[in-house]
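Below are the sequence and a predicted model; questions follow.
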Amino acid sequence: MSLPSRDEEFLESLNLASSGSTNESLATAAEKELAQLQIQKQEQMIRQNQQFLLQLFQDNASQPIKVHNVQITNGEQFRDSFIRAQFRPLLAGNIVSFESYLKTVDNIVKNFVKLGIVENILCNTHKVTAPISSGGFLFTRGFSSGRNGSAGAGAGAGAISVVPIFNTLPVKRFFAKTGTNIGNGEGDGYIQFQLRNIFGGGENLVFDAVTGTKTHSSYLVNYNQPLFNNCNYIWENQFSINSRKLDWIQSDVMSKTIVNKIYTQFHDTELNHEIVLENSLRTLSNYGSKSFEVMQQGGQSIKSSIGYNLIYDSRDNKHLPFSGKYFQWGVEYNGLFKFNKFPFLKTATQIQHSWGIPFLNSHILTSTRFGLLYPLTKKSSSSSFSSFSSVLDRFYIGGPNDVRSFSLNGLGPRDQNSFIGGDLFLNGGVSLITNVPRYKDSNFKFHNFLNCGRIVSLDRNSSFIDNFKELTHSYCLSYGFGILYNHPMARFELNFVLPLVANERDSIRKGIQYGIGVSFL
């Protein structure tokens, strides 16, 4: 293959330069021009190859495919029942289109990845023309799709018999790490031990030990596994012992909790579900609160609740989305047993929407949160009205990750020196996120924001309409601007904040405020 005349001229220039017939500056310019031309050619070849493959797939999308058998490398790391469940869509023995075959293979690969049981997995497809025994390949394990294993049996006219070969690199069974947990307004150091893929079907056992700014000590044991070998449904069981400091009520809480959870993790849809059963023994210890309600609720209480969460998430990034929508609605009922001291019905909703403004080189992010806790405690003459719900179950708002320009959980009902939370809240925020000039692809961004919020106690002697009317006035309002950094694990913010509207008892924060976490208003 001959080079174009322009390339030949450049090569001649380079040869002349090496022999000293031209000056060095001309040779250098010719080299740069030739290198640039070669880069352009490579990019053009890549685009042509991509277009060729895309056209090839489109032209053969309806090509009938017959899967003869399935092979997997390093299959000894997985039990037979789990592998057969993953490969069942390919082993049905049906003739499918080439497009359907590719989608099925892609779903199988995603199932292995989202369980975290492989470090890497690739699939190669081999065409076969003659019967091959199930163990004929030099691979760990093979599964036949037909009764007799014949490549031609039932293949149908025009169908191509293929063998997909999944090359897997399983994860190590034992794994240990240390690091930090980043939460809303707090940070913890931890050590973690993991036993992964214990029984060859995606079963994981995790032990965590944590200590930090707000958490005196925390120990957690988590066992999770796919439900009936289905990677879309996860059964999770947690046992934890946790001791935390709650500065907003000047108290410590020790909890011993068992959580049983079943949740979905579909990759082909943006809608997922979660069912949670929680049993917790909580001990509230007052060390400095002057609130009569906090002192009254000190001691032990048992929470036994069942909850459901509906989650829709189409965002392109969990911490700082530039496009997409997020919707979460949850409902929780506490009071499964007669000894539950503070039964309630609780619901909460969060909505987030993000879209771009190209002509401003910016994005707008809006967030809204709403929550209602309805106490089911029967009224008695000896109990104060505010004690219908526990201070450990109520909603709290305010802080660097919530309504900025206020202290952490420093909004709403206050009793003496303690913020005791509320049963009904509504808050929201609008942020304008702008790229740093000349650094469009940087994780650093400028942002301006406007936050508002209101939280109240529920008056059971009044109607819901009256309670919602109470929620719709006397809003707290704040404005700020600053710089943020979007790390893959969390989001960091350094802002100058200014409270515009505040109530007398709110704990305001003016000036510099630092926020770190995974969820922001």
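Received the coordinates, thanks.

Report the residue spans of the stretch 251-400 of the chain with pLDDT below the cut-off.
Confidence mapping of the stretch 251-400 of the chain against pLDDT under 70 gives the ranges 379-387.

List phi and psi for Leu471.
phi -80, psi -20 (degrees, to the nearest 10).

wait, what's in contact with it?
424-426, 454, 456 (C-beta atoms under 8 Å, 6 or more residues apart in numbering). Using the backbone N, CA and C atoms, a C-beta is placed for each residue, glycine as well.

got it, and Asp316?
Applying C-beta under 8 Å, 6+ apart, the residues contacting Asp316 are 322-324.

Surely it forms part of a strand?
No: assignment of Asp316 by DSSP: H, G, I helix; E, B strand; the rest coil gives coil, placing it outside any strand.

ok, which stretches of the stretch 51-200 of the chain are strands?
64-67, 69-72, 95-97, 118-127, 141-144, 160-170, 174-183, 186-196 (DSSP state E, counting those that start in this stretch).

Among those, show the one with the smallest mean pLDDT.
Of all these, the minimum mean pLDDT falls on strand 141-144 (a mean of 56).

How is this protein partitioned into domains?
When the chain is parsed with automatic domain parsing, its domains come out as 5-59, 64-170, 174-517.

quick one on the thing from earlier: next, format the contacts of Leu471 as CSV and append distance to Arg196 and pLDDT.
CSV is the format used below for these (distance: C-beta to C-beta, whole Å; pLDDT from 0 to 100):
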residue, distance to Arg196, pLDDT
Leu424, 43, 93
Phe425, 39, 95
Leu426, 42, 94
Arg454, 45, 93
Val456, 46, 92
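
Take the residues you listed and lay them out in JSON lines including secondary structure and neighbour count.
Putting the contacts of Leu471 into JSON lines (DSSP: H, G, I helix; E, B strand; the rest coil; neighbours: other C-beta atoms under 10 Å) gives the following:
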{"residue": "Leu424", "secondary structure": "strand", "neighbour count": "23"}
{"residue": "Phe425", "secondary structure": "strand", "neighbour count": "24"}
{"residue": "Leu426", "secondary structure": "strand", "neighbour count": "20"}
{"residue": "Arg454", "secondary structure": "strand", "neighbour count": "23"}
{"residue": "Val456", "secondary structure": "strand", "neighbour count": "18"}
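
closest to Lys440 among the residues you listed?
Nearest to Lys440 among those is Leu426, at 35.4 Å by C-beta to C-beta.

could you list every residue that touches the residue nearest to that closest one when sequence neighbours are not counted?
Nearest residue to Leu426, sequence neighbours excluded (C-beta to C-beta, 6 or more residues apart in numbering): Phe370, at 5.0 Å. With contact taken as C-beta under 8 Å, 6+ apart, Phe370 is in contact with 348-350, 425-426.

Can you name the helix or strand that Phe370 falls in?
Per DSSP states H and E, Phe370 falls inside strand 362-375.

likewise Ile39?
helix 24-59.

Quick one: the strands in the stretch 301-450 of the chain, in order.
324-334, 344-357, 362-375, 414-415, 418-419, 424-435, 444-456.

For those strands, give me a markdown table that also has distance to Glu270.
Formatted as a markdown table, the strands of the stretch 301-450 of the chain follow (distance: least, C-beta to C-beta, whole Å):
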| stretch | distance to Glu270 |
| --- | --- |
| strand 324-334 | 9 |
| strand 344-357 | 13 |
| strand 362-375 | 18 |
| strand 414-415 | 40 |
| strand 418-419 | 36 |
| strand 424-435 | 22 |
| strand 444-456 | 25 |
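
Compare those and give me the one nearest Val391.
strand 418-419 (8.2 Å).

Contacts for the closest one, please.
248-250, 289-291, 294, 396, 409-413, 507.

Which residues are in contact with the residue sitting nearest the centre point of the chain?
In the chain, the residue lying closest to the centroid (C-alpha atoms, centre = their mean) is Lys318, at 5.9 Å. Each residue near Lys318 by C-beta under 8 Å, 6+ apart is listed here: Val518.

how close does it sit to Val276?
Distance from Lys318 to Val276, counting by C-beta to C-beta, to the nearest Å: 20 Å.

How about Asn467?
27 Å.

quick revisit: hey, what's the residue nearest to Leu426 bridged with?
Thr349, Leu426 (DSSP bridges).

now do Gln71
Gly142, Ile165.

gap between it and Ile364?
50 Å.

Look at those two and report which has more neighbours.
Gln71 (25 against 15; other C-beta atoms under 10 Å).

from memory the more buried one sits against Asn167, does it?
No: look at Gln71 against Asn167 with C-beta atoms under 8 Å: they stay out of range, at 9.1 Å.

coming back round to it: which of the contacts of strand 418-419 fall within helices?
Val294 (DSSP state H).

just the contacts of strand 418-419 now: which is nearest Ile483?
Taking those together and measuring to Ile483 by C-beta to C-beta, the closest member is Gly410, at 23.8 Å.

Check what pLDDT the closest residue in space to that closest one that isn't next to it in sequence gets.
Nearest residue to Gly410, sequence neighbours excluded (C-beta to C-beta, 6+ apart): Ser507, at 3.2 Å. In this model, Ser507 is scored at 90, pLDDT.

next one: phi and psi at Ser507?
phi -100, psi 100.

Check Leu220 too.
phi -140, psi 140.

Also Arg394?
phi -70, psi 170.

List the residues that contact the nearest residue in space to it that is not next to it in sequence.
Closest residue to Arg394 apart from its sequence neighbours, by C-beta to C-beta, 6+ apart: Gly421 at 3.2 Å. If you count contacts by C-beta under 8 Å, 6+ apart, Gly421 has them with 391, 394-396, 409, 412-413, 455.

The residue nearest to Gly410 - how many residues pack around it?
16.

That one reaches Ser405, doesn't it?
No: using C-beta under 8 Å, Ser507 is not in contact with Ser405, being 10.4 Å away.

Would you double-check that Met254 falls in a helix?
No: according to three-state DSSP, Met254 belongs to no helix; its state is strand.

Tell me which helix or strand the closest residue to it other than its chain neighbours sits in.
If the residues on either side of it in the chain are set aside, Met254 comes closest to Thr283, at 4.4 Å by C-beta to C-beta, 6+ apart. Taking DSSP H and E as the criterion, Thr283 maps to strand 271-286.

Going by neighbour count, list what's buried in stretch 83-100.
Going by neighbour count (16 or more other C-beta atoms under 10 Å), the buried part of stretch 83-100 is 83, 85-87, 89-91, 95-96, 98, 100.

now do stretch 356-367
For stretch 356-367, using 16+ other C-beta under 10 Å, the buried residues are 362-363, 365, 367.

Neighbours of the closest residue to Ser100 other than its chain neighbours, how many?
Nearest non-adjacent residue to Ser100, counting by C-beta to C-beta, 6+ apart: Ile65, 7.9 Å away. Look at Ile65: counted by other C-beta under 10 Å, it has 24 neighbours.

quick one: Ile65 from Gly93, how far?
From Ile65 over to Gly93 (counting by C-beta to C-beta), the distance is 12 Å.

Mind exporting the C-alpha coordinates of stretch 460-470 to CSV?
Presented in CSV, the C-alpha positions along stretch 460-470 are these (Å, rounded to 0.1, in the frame of the first residue of the first chain):
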residue,chain,number,x,y,z
ARG,A,460,-53.2,15.6,66.6
ASN,A,461,-56.0,17.8,67.9
SER,A,462,-56.0,19.7,64.6
SER,A,463,-56.9,18.4,61.1
PHE,A,464,-54.3,17.5,58.5
ILE,A,465,-55.2,20.6,56.6
ASP,A,466,-54.4,22.8,59.6
ASN,A,467,-51.1,21.0,60.1
PHE,A,468,-50.1,21.4,56.5
LYS,A,469,-51.0,25.1,56.7
GLU,A,470,-48.6,25.4,59.7
